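K.L.:
predicted model and sequence follow; I will ask about them next.
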Amino acid sequence: MSADPRAVLTRPVPGPDVTVAYGDLPDQVADLRRPVGAGGPRQLVVVVHGGFWRAEYDRTHTGPLAVGLAGLGYPVAQVEYRRTGQPGGGWPGTLTDVRDAVAALPGLAVAALPDRVAPGPPLLVGHSAGGQLALHVAAVAPATVAGVLALAPVADLVEAYRRDLDGGAVAALLGGGPTEVPDRYALADPSTTVPLRTPTVVVHGARDEQVPIALSRTFVSKASAAGACAALVELPDCEHFGVIDPTSPAWPQVTRALRSLQQDQ
């Protein structure tokens, strides 16, 4: 692993096998990667990238993660969506894009890679802000999601706003603070809208400085108290980016968590 954990964000990887559109706008697309090796159709894994919902971070930085998952035999879709700083990004476009993508991608992926993608709801792998988006989809559209692996997710938006993570990122997404737009927080905050029907595993590094692990502890505690199937895997020596880096010591824990959610084991 590189001495700079952020190096994974710009690490070159081969291009996707095909890019599909789930909407009419330029950022309403997803890159599909065929699983490595022989075998029949398998459950789709949808990767939802992070970057605090901001326009400067796009799906390309999850390339190493997607290639790593494809190397394990998963068909993978890397979702793009409108982000803050772009027309239509933020509230509600960012959230509706991801919901629309997750609903449409199984059919699009089966059509594009019919020999490798099994029909049915996908597993979602969301990192950081993408973890919040994955948990949001599972809460409001549970029939479209088979399971969620949330990697260092922003799983408590009120607390993330209070801590001013990434200099106002939550306010930029939702258009204000929790006292200004409480209805938006009520719909978007995973700690409020716990995904009760969707098996969920949260993996978070204790050394994370971008998204403190306390947010995941709070979310999993609330989810468990509500009767949800949710578990937290704490990685004592991991920071924010190790959970999306296949060369990091955290990778075996990440893949173990994903396998625990599979329906086609």
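P.N.:
That came through fine. Note that the structure is a prediction, hence the values are computed from the model and not measured.
K.L.:
other residues contacting stretch 173-187?
P.N.:
For stretch 173-187, contacts defined as CB atoms under 8 Å, 6 or more residues apart in numbering pick out 53, 84, 90-91, 94-95, 129, 136, 140, 157-158, 161, 171, 188, 192-193. (Each C-beta comes from the backbone N, C-alpha and C, glycine too.)
K.L.:
buried only: go through those residues for me.
P.N.:
53, 84, 90-91, 94-95, 129, 136, 157-158, 161, 171, 188, 192-193 (16 or more other CB atoms under 10 Å).
K.L.:
out of the residues you listed, which comes closest to residue 248?
P.N.:
residue 129 (19.8 Å; CB to CB).
K.L.:
mind pulling up the pLDDT for that closest one?
P.N.:
Turning to residue 129, the model gives it a pLDDT of 98.
K.L.:
leaving out the residues flanking it, which one is nearest to it?
P.N.:
residue 50 (4.4 Å; CB to CB, 6 or more residues apart in numbering).
K.L.:
returning to what we had before: closest to residue 251 among the contacts of stretch 173-187?
P.N.:
Closest to residue 251, out of all of the contacts of stretch 173-187 and judged by CB to CB, is residue 129, at 21.1 Å.
K.L.:
that closest one and residue 81 touch, don't they?
P.N.:
No - using CB atoms under 8 Å, residue 129 is not in contact with residue 81; the gap is 10.4 Å.
K.L.:
show me the contacts for the closest residue to residue 69 other than its chain neighbours.
P.N.:
Excluding the flanking residues, the one nearest residue 69 by CB to CB, 6+ apart is residue 76, at 4.9 Å. Residues in contact with residue 76 (CB under 8 Å, 6+ apart) are 32-33, 35, 44-47, 66, 69-70.
K.L.:
sec struct for the residue nearest to residue 129, please.
P.N.:
coil (DSSP: H, G, I helix; E, B strand; the rest coil).
K.L.:
quick one: the strands in the chain?
P.N.:
For the chain, the strands defined by DSSP state E occupy 18-21, 29-33, 45-48, 76-79, 123-127, 147-151, 200-205, 230-235.
K.L.:
for the fifth one, name the packing helices and strands.
P.N.:
Applying 3 or more CB pairs under 8 Å, 6 or more residues apart in numbering; DSSP states H and E, one finds that strand 123-127 contacts strand 45-48, helix 63-71, helix 129-140, strand 147-151, helix 251-261.
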